[in-house]
Every structure is written in structure tokens, then in C-alpha cells.
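S.K.: Give me coordinates for this.
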Amino acid sequence: MDDLFPPPQSMNTSHIKRKWLDISYADKSDAQKLDIYLPNKGNGPFPVIATFHGGAWMFGDKGDDMNLPFLEGLKRGYAVACVNYRLSGEAHFPSQIHDCKTAIRYLRTNAVDYCLDGTRIGAWGASAGGHLAALLGTTPRVRGLDDPSMRKTNTRFSCKVQAVTIWFGPLEDFIKMDEQLAASGMGTPNHSNEDSPESQLLGRKITDVPALVKYGSPMTYIKPSAPPFLIQHGLNDSIVPVEQAINFAAKMEKVAGTDRVTLDLLKGADHGDPLFGKPRNLQRVFDFFDLHLK
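M.R.: Purely as a prediction, here's the structure:
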């Protein structure tokens with residue numbers, strides 16, 4: 001799904017004075033680690049943006065340079081927590097959302113130790129990470145998408161987030177993606193293949209398990225209590241069809257209200273397009289987080 005991303009390089013974070021790297025938030029896998037960065041100035045507690053990298057649920061890392069736009073939040077007074085989760089080569093869904101929820105609970109449980117404000121946490125994800133961030137927003141109380149064994153040390157703390165930003169993520173229905181791409185002529189329909197990222201995430205060819213596809217869709221769980229969403233998607237996305245964002249936003253408006261969702265469609269932007277990380281667009285994202293986290 002993320003074929004358009006260039007080979008990732010490691011981020012240079014030497015300019016960030018206050019940081020904790022490779023913190024284990026659970027003990028089932030070496031992948032269950034996160035990095036916490038604080039602004040160079042201020043005593044906190046800082047509102048938090050928890051971030052989730054792209055990579056088709058197959059690759060990517062919290063330390064890759066694709067996460068650099070997320071770290072711009074430090075300049076706006078946010079703590080930024082970059083989260084790794086188990087990839088599909090290690091574990092199938094719903095392990096990934098189990099990890100993301102556990103990471104949010106870890107941040108709340110240990111907020112004082114890291115100068116964090118556990119009452120103000122936003123989620124921001126790109127592509128596959130956008131899918132997971134959206135699930136964080138729509139499923140805080142869905143027990144089937146939570147792992148009780150990883151909650152035992154922090155059961156007092158919620159995994160609910162107060163705001164969500166999604167960049168070019170699959171939000172509606174994996175099975176519909178190929179028909180949407182075919183109808184628009186915008187890309188090559190291959191999401192329903194047995195070796196597609198979506199099929200590898202679920203551990204089965206997606207067209208053979210429509211109930212599991214629905215189970216893994218953020219759109220399935222939209223409720224009036226959903227937090228505010230900012231959804232940004234490129235009109236020329238050749239990997240994740242823009243209809244996924246449009247249809248999710250339409251259901252958000254119907255169920256949760258127009259004040260709960262903002263949809264930005266970026267003209268000329270493809271999947272993972274540099275336009276998303278331009279200063280003007282980042283200003284838009286952080287203005288959204290300021291509105292709901294400050």
C-alpha cells in the first residue's frame with residue numbers, strides 16, 4: 001500500500017534535548033516500544049500527540065524519517081510520542097490496535113514521569129498508521145479490539161483519545177478499495193489479492209473474510225461520542241482511494257455531527273505526497289490539535 005514512499009532513513013533527533021527512546025510499553029514483543037520527545041523549553045505537563053507510522057502494516061519504524069512532520073509538534077508546545085506496533089509479518093489483526101491502545105494507556109499511566117498531560121492526548125497516523133489512529137478514535141470501549149492481558153497493569157486508565165488526524169488512511173472497507181480504484185482509474189486494483197497488505201494484515205484473503213474486514217474497519221464503530229477528526233487525503237491517491245476518506249467523513253457527519261469531522265482533499269496529491277508535510281498544511285493540522293487539546 002505504501003509503495004510510493006522512498007526507502008526510509010533514520011531521523012536525526014540530536015537537536016531535541018529531552019527525549020526517551022525505546023521505552024517498552026508492553027512485554028509481548030520487542031516491537032512494543034515508543035519514543036517520547038518533549039519541547040526544549042517549558043516544564044509541562046505537555047499535551048500529547050501520539051503518532052503511528054505508515055508502511056502497509058508490513059514495514060516502517062517510529063524512528064524513520066517519515067515521522068519528521070509529526071515532530072514539528074514540538075514547536076507548538078506538544079510532547080510527541082512515536083509508537084511502534086507489531087507488524088503483520090509478526091502478528092495479524094487485531095494485534096496492531098491492541099498495541100496502540102496499550103501505548104495510550106502507558107502514556108497516561110506514566111504521565112507524571114514524562115511531564116505529560118494525560119487528559120489531553122491526540123492521535124495522528126499516516127496510511128496504515130492512519131487506519132490504526134482512526135480505530136483508536138472510534139473504538140475506545142470495544143472490548144474485542146482490546147487485549148485484557150495487556151490492560152492488567154493499567155486498568156484505571158482509558159485508551160480514549162481527544163482528537164484524531166488521519167493522513168491518507170484506509171477508513172471504510174478494504175474490499176471496496178479495488179472497485180473504487182477501478183471506477184476512478186486512479187490506480188491499480190490489487191488490494192484483494194492474497195498477498196496484498198490488507199490480506200496479510202488479516203491473515204486471510206480479504207474477499208474470503210468479509211466479516212473480519214468489517215471488524216477491522218474504523219467506519220464500523222462510529223458513534224455520536226467520537227472525538228473530533230481531521231481527515232486529509234489526496235485527490236490523486238493511487239493506492240488508498242480518496243472515496244475511503246469521503247465516505248468515512250460522510251458517516252461521521254451523519255452519526256456524530258458536522259462539528260466532529262473536517263475533511264481536507266488535497267488537489268494533485270498522491271499517496272504519501274510531500275504536500276502533506278508542507279508548512280502550510282502542518283499549520284492546518286496543528287491548528288486543529290490546538291483547538292481540541294489546548
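S.K.: Low-confidence stretches in the stretch 151-294 of the chain?
M.R.: 151-155 (pLDDT under 70).
S.K.: residue ranges of the strands in it, please?
M.R.: For the stretch 151-294 of the chain, applying DSSP state E, counting those that start in this stretch gives strands covering 163-167, 229-234, 261-266.
S.K.: among these, which is the most enclosed?
M.R.: strand 163-167 (a mean of 28; mean count of other Cβ atoms under 10 Å). In this view, the C-beta of every residue, glycine as well, is placed from N, C-alpha and C.
S.K.: Report the backbone C-alpha coordinates of stretch 199-213 in PDB.
M.R.: Extracted in PDB, the C-alpha atoms of stretch 199-213 (Å, rounded to 0.1, in the frame of the first residue of the first chain):
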ATOM      1  CA  SER A 199      -4.800  -9.700   3.300                       C
ATOM      2  CA  GLN A 200      -1.500 -10.100   5.100                       C
ATOM      3  CA  LEU A 201      -2.800  -7.900   7.900                       C
ATOM      4  CA  LEU A 202      -5.900 -10.100   8.400                       C
ATOM      5  CA  GLY A 203      -4.100 -13.400   7.700                       C
ATOM      6  CA  ARG A 204      -6.600 -14.300   5.000                       C
ATOM      7  CA  LYS A 205      -7.500 -13.100   1.600                       C
ATOM      8  CA  ILE A 206      -9.800 -10.200   2.300                       C
ATOM      9  CA  THR A 207     -12.600 -11.300   0.000                       C
ATOM     10  CA  ASP A 208     -12.800 -14.600   1.900                       C
ATOM     11  CA  VAL A 209     -13.400 -12.900   5.200                       C
ATOM     12  CA  PRO A 210     -15.900 -10.000   4.800                       C
ATOM     13  CA  ALA A 211     -16.900 -10.200   8.400                       C
ATOM     14  CA  LEU A 212     -13.300  -9.800   9.500                       C
ATOM     15  CA  VAL A 213     -12.900  -6.900   7.100                       C
END
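S.K.: Would you mark the buried spots in that stretch?
M.R.: Going by neighbour count (16 or more other Cβ atoms under 10 Å), the buried part of stretch 199-213 is 199, 200, 201, 202, 206, 209, 212, 213.
S.K.: wouldn't the second one be in contact with residue 59 here?
M.R.: It refers to residue 200. No - with contact defined as Cβ atoms under 8 Å, residue 200 does not reach residue 59; the gap is 11.2 Å.
S.K.: if I look at residue 87, how far off is residue 56?
M.R.: 9 Å (Cβ to Cβ, to the nearest Å).
S.K.: swap in residue 48?
M.R.: 26 Å.
S.K.: What ranges in the stretch 1-150 of the chain fall below the confidence cut-off?
M.R.: Using pLDDT under 70, the flagged stretches of the stretch 1-150 of the chain are 1-7.
S.K.: OK, contacts around residue 206?
M.R.: Contact partners of residue 206, counting by Cβ atoms under 8 Å, 6 or more residues apart in numbering, are 174, 175, 191, 192, 196, 198, 199, 212, 213.
S.K.: count of neighbours near the second one?
M.R.: When you say that, I think you mean residue 175. Other residues within reach of residue 175, judged by other Cβ atoms under 10 Å, total 17.
S.K.: Correct me if wrong: it contacts residue 212.
M.R.: No - using Cβ under 8 Å as the test, residue 175 is too far from residue 212 to be in contact (10.4 Å).
S.K.: Which helix or strand contains residue 50?
M.R.: Counting by DSSP states H and E, the element that carries residue 50 is strand 46-52.
S.K.: Please point out which parts of the longest strand seen in the chain sit buried.
M.R.: In the chain, taking DSSP state E as the definition, the longest strand is strand 116-126. By neighbour count, with 16+ other Cβ under 10 Å as the criterion, the buried positions of strand 116-126 are 116, 117, 118, 120, 121, 122, 123, 124, 125, 126.
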